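Visitor: show me how the following folds:
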Amino acid sequence: MLGVAAITMASVTATLVGAGTAGAAAAGETPNPATQSAVTIGLISDGGGGSSIGTAALVEQGAKAAVAYLNKYGDGLAGHKVTLYICENQSTPAGGQTCANDMVQHGVVAVVEPFTGQGQTEVPTIVAAGIPYITVSGGSTAELTTPGAYALEGGFPAYLGAMALSAKQHGLKKVDFLVENVPAAIQGAQVFGDMVYKAAGVGFDVVPVNAGTADISPQMQSAVSSGADAVGMVGDVTLCTSFLRAYSTLGLKIPKYVLSTCQDPSILNSPTLDKVLAGSYITTSSASSKADLAQYAFLMKKFAPKVSPNPSVSSNQADGVTPVLALGAIMKGSTQPVTAAGIKAQTASATNVTIPLSGGLTFTCNGMAIPLLKSVCSSTAAIGVIQAGKSGKVTNIKVYNPTPLF
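Guide: Numbering: from 1, shown residues only. This next block holds a predicted model:
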């Protein structure tokens, strides 16, 4: 669902991120294998249902590569080898509940997710079992407010806030979002979108789009006819494809806001869609550092060589990498046991921890980033402009702090 563009440690230490030096392997490229007993972490993906042809498989691929990297080069979780257990939630609330039960039954020590449309049904069961739920970009109320759930970035609300501030900056009067009709996306867009856009003095509306709808031109026309002078999308790469096609079909020239799920080779390599995507305002963490890019390229070359080594191109795989490496960094040097309780305690005390691949953005899980949303660990979000071409290059990146809008 969300990505981010939706996505994203006192610092990521030398075993995870670093720049190379002449005559020596770059930091993170020297084997540092985990040698202690295996522990299992869980990943719930929005796959197995209608999204199985979209983002989920790519996120899973990135997470698997990150686990392999962590085990061989990052000392696992505080020395313990990591096993990844994946459950696909079928992109339904019932599927989310089933996967939550599955995580408990498998005894995972943590659940990590880049984003999901089913957090509202997943979180209660997971945290009630004492398992920490760690997401990069939370979208549902449960992910953003439940003790034991941690949203490393400001998540969907922060992205909406950043887009609202961007819209205000550009003098827009009304922005309508075409939103994938799943609970977390619709709920988040309606509740938080109304809040932040009203606070920013910009009109706002949500247009639901059912999963798998190929032609969403009628929905986009409805948005424009209602007075919107900009449009946006919230969904996976499949919805982004439909969004761009509808924008082109209607011959629109108004500003458009998209998530990082749009940065997929199926769009960037398209001779038509990449031109439609160009010029879009896109949510992003910030510009990845040279060390971030080197680490990601090394990781993909070693463990997923068919995937683009550029995280701007393979952003969905990068979304799967981020929460795994973030968990590894949270536990780096920890004296807590590598159990659900130990990881929960360590995450709750995390201070100024760097989000992998974010260019240096940090999180602190003390409940103060967005006081209304106690599970949110950072509030900043960035908006850039995506350029045409296969590289998925984002320029003119501006970081916003939307906290005053909440």
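Visitor: for the lowest-mean-pLDDT helix or strand in the chain, name the packing helices and strands.
Guide: Lowest by mean pLDDT, DSSP states H and E among the helices and strands of the chain is helix 183-188, with a mean of 79. For helix 183-188, the packing partners by 3 or more Cβ pairs under 8 Å, 6 or more residues apart in numbering; DSSP states H and E come out as helix 119-128, helix 141-145, helix 155-169. To be clear about C-beta, it is placed using only N, CA and C from the backbone, and glycine gets the same treatment.
Visitor: so which of those is nearest Val385?
Guide: helix 155-169 (10.3 Å; Cβ to Cβ).
Visitor: C-alpha coordinates for the closest one, CSV please?
Guide: The C-alpha coordinates for helix 155-169 follow below in CSV (Å, rounded to 0.1, in the frame of the first residue of the first chain):
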residue,chain,number,x,y,z
GLY,A,155,4.2,7.6,8.3
PHE,A,156,1.2,8.4,6.3
PRO,A,157,0.1,11.4,8.5
ALA,A,158,3.5,13.0,8.1
TYR,A,159,3.4,12.5,4.4
LEU,A,160,0.0,14.0,4.2
GLY,A,161,1.2,16.9,6.3
ALA,A,162,4.2,17.5,4.1
MET,A,163,2.0,17.4,1.0
ALA,A,164,-0.4,19.8,2.6
LEU,A,165,2.5,22.2,3.4
SER,A,166,3.8,21.8,-0.2
ALA,A,167,0.3,22.5,-1.6
LYS,A,168,0.1,25.7,0.6
GLN,A,169,3.5,26.7,-0.6
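Visitor: got the contact list for Arg245?
Guide: The contact partners of Arg245, by Cβ atoms under 8 Å, 6 or more residues apart in numbering, come to 215-217, 273, 276.
Visitor: what about these, which one has the most neighbours?
Guide: Ranked by the number of neighbours (other Cβ atoms under 10 Å), the contacts of Arg245 place Ile216 first, at 23 neighbours.
Visitor: check whether it really touches Phe243, as I assumed.
Guide: Yes - here Ile216 reaches Phe243: they are 6.6 Å apart, a contact under Cβ atoms under 8 Å.
Visitor: what touches both of those two?
Guide: Joint contacts of Ile216 and Phe243 (Cβ under 8 Å, 6+ apart) are Leu178.
Visitor: what does the least confident helix or strand of the chain rub up against?
Guide: In contact with helix 183-188 (Cβ under 8 Å, 6+ apart) are residues 1-2, 93, 116-121, 139-141, 143, 156-157, 160, 179, 206, 208, 234-235.
Visitor: try it again at 10 Å.
Guide: Contact partners of helix 183-188, identified using Cβ atoms under 10 Å, 6 or more residues apart in numbering, comprise 1-2, 46, 92-93, 96, 115-122, 138-144, 155-157, 159-160, 177, 179-180, 206, 208-209, 234-236, 239.
Visitor: and the gap between Ser308 and Ala318?
Guide: Using Cβ to Cβ, to the nearest Å, Ser308 is found at 10 Å from Ala318.
Visitor: compare those two (neighbour count), which wins?
Guide: Just comparing Ser308 and Ala318: by other Cβ under 10 Å the higher neighbour count belongs to Ala318, 32 against 21.
Visitor: where along the stretch 1-150 of the chain do the strands fall?
Guide: 36-45, 80-88, 110-113, 133-135, 149-151 (DSSP state E, counting those that start in this stretch).
Visitor: distance check, Ala388 against Val394.
Guide: According to Cβ to Cβ, Ala388 stands 12 Å off from Val394.
Visitor: ugh, wrong one, I meant Thr272
Guide: Thr272 is 20 Å from Val394, by Cβ to Cβ.
Visitor: looking at Ala388 and Val394, which one has more neighbours?
Guide: Shown here are Ala388 and Val394; by other Cβ under 10 Å, Val394 has more neighbours (25 against 14).
Visitor: what sits against the more buried one?
Guide: 5, 260, 263, 280-284, 286-288, 312, 315, 382-387.
Visitor: mark which of those residues are buried, thanks.
Guide: 5, 260, 263, 280-284, 286-288, 312, 315, 382-384, 386-387 (16 or more other Cβ atoms under 10 Å).
Visitor: now, the residues you listed that are in strands?
Guide: 281-284, 382-384, 386 (DSSP state E).
Visitor: which among the contacts of helix 183-188 count as buried?
Guide: Counted by 16+ other Cβ under 10 Å, the contacts of helix 183-188 give 1-2, 46, 92-93, 96, 115-122, 138-144, 155-157, 159-160, 177, 179-180, 206, 208-209, 234-236, 239 as buried.
Visitor: ok, the nearest residue to Tyr247 once chain neighbours are set aside - contacts?
Guide: The shortest distance from Tyr247 to any non-neighbouring residue, by Cβ to Cβ, 6 or more residues apart in numbering, is to Val276 (5.9 Å). Applying Cβ under 10 Å, 6+ apart to Val276 gives the contacts 241, 243-249, 252, 256, 267, 270, 388.
Visitor: try it again with 8 Å
Guide: Neighbours of Val276 in contact, by Cβ under 8 Å, 6+ apart: 244-245, 247-248.
Visitor: the nearest residue to Ala350 once chain neighbours are set aside: neighbour count?
Guide: In space, and not counting its chain neighbours, Ala350 is closest to Cys365: 4.9 Å by Cβ to Cβ, 6+ apart. Number of residues near Cys365 (other Cβ under 10 Å) recorded here: 23.
Visitor: now do stretch 36-46, average pLDDT.
Guide: Throughout stretch 36-46, pLDDT has a mean value of 96.
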